[in-house]
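Undergrad: quick one, fold the following:
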Amino acid sequence: MMDSLILAGQRLAEALRAENEALAKLDLPRAATLATSKIAASDAFAAAYAAQAKHGAAPDGPVRQAAAVLTRRLEELGQENRRLLERAVALQSRVIETIAGAALQRNAPQGYAPAGHRQAGGATLAMTLSARV
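TA: Alright, predicted model coming up:
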């Protein structure tokens, strides 16, 4: 039982490491494709954990030490994954805000009112943005 849990944990750790590597390089399309394997590894780990908990046997000796090392590694990789995902989301938000802001400025009326003052208001042109991740 414990061997299955450790193998599932190692698979999850590898999936997190790969996604973290892509996120650190801001390779968002690659990170998005790796999300599927991370979810599958996470589901397999959760199932192995539930099976181990149901079995109830506590590891001992070298298996216990390996489980402790893996636990620390998963905690570190998970925290790094969260930080990198938050950074990627923040960056994407800034890019979208920048593009939207530029589009609004380009669509602003360029005319002048009497006495040389800028003309206020006016209709904004419709705009569509599309992106692939």
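Undergrad: can you say which helix or strand has the residue nearest to the spatial centre of the chain in it?
TA: With distances taken as C-alpha atoms, centre = their mean, the chain has residue 85 as the residue nearest its mean C-alpha position (3.4 Å). Per DSSP states H and E: residue 85 is located in helix 61-107.
Undergrad: now for that helix, which elements pack on it?
TA: Under the contact definition 3 or more C-beta pairs under 8 Å, 6 or more residues apart in numbering; DSSP states H and E, helix 61-107 sits against helix 2-24, helix 28-55. For every residue, glycine as well, the C-beta is placed using N, CA and C.
Undergrad: quick check, residue 57 in a strand?
TA: No - counting by DSSP: H, G, I helix; E, B strand; the rest coil, residue 57 falls outside a strand, being coil.
Undergrad: what sits against the nearest residue to it once chain neighbours are set aside?
TA: Excluding the flanking residues, the one nearest residue 57 by C-beta to C-beta, 6 or more residues apart in numbering is residue 1, at 6.5 Å. Residues near residue 1 by C-beta atoms under 8 Å, 6 or more residues apart in numbering: 51, 52, 55, 57.
Undergrad: how near is residue 1 to residue 11?
TA: 16 Å (C-beta to C-beta, to the nearest Å).
Undergrad: same question for residue 77.
TA: Applying C-beta to C-beta, the value for residue 77 to residue 11 is 12 Å.
Undergrad: go through stretch 28-45 and flag the buried ones.
TA: Neighbour counts using 16 or more other C-beta atoms under 10 Å place 31, 34, 38, 41, 42, 44, 45 of stretch 28-45 among the buried residues.
Undergrad: contacting residues around that stretch?
TA: Stretch 28-45 has contacts (C-beta under 8 Å, 6+ apart) with 5, 8-9, 11-12, 14-16, 18-19, 22-23, 88, 92, 132-133.
Undergrad: output that stretch as PDB, nothing but the C-alphas.
TA: Extracted in PDB, the C-alpha atoms of stretch 28-45 (Å, rounded to 0.1, in the frame of the first residue of the first chain):
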ATOM      1  CA  LEU A  28       2.100  29.700 -20.400                       C
ATOM      2  CA  PRO A  29       0.900  27.500 -23.300                       C
ATOM      3  CA  ARG A  30       3.200  24.700 -22.100                       C
ATOM      4  CA  ALA A  31       2.100  25.100 -18.500                       C
ATOM      5  CA  ALA A  32      -1.500  24.900 -19.600                       C
ATOM      6  CA  THR A  33      -0.900  21.600 -21.400                       C
ATOM      7  CA  LEU A  34       0.900  20.200 -18.300                       C
ATOM      8  CA  ALA A  35      -2.100  21.000 -16.100                       C
ATOM      9  CA  THR A  36      -3.900  17.900 -17.300                       C
ATOM     10  CA  SER A  37      -1.100  15.600 -16.200                       C
ATOM     11  CA  LYS A  38      -0.900  17.500 -12.900                       C
ATOM     12  CA  ILE A  39      -4.600  17.000 -12.300                       C
ATOM     13  CA  ALA A  40      -4.300  13.300 -13.100                       C
ATOM     14  CA  ALA A  41      -1.300  12.900 -10.800                       C
ATOM     15  CA  SER A  42      -3.200  14.700  -8.000                       C
ATOM     16  CA  ASP A  43      -6.200  12.500  -8.400                       C
ATOM     17  CA  ALA A  44      -4.000   9.300  -8.300                       C
ATOM     18  CA  PHE A  45      -2.200  10.600  -5.300                       C
END
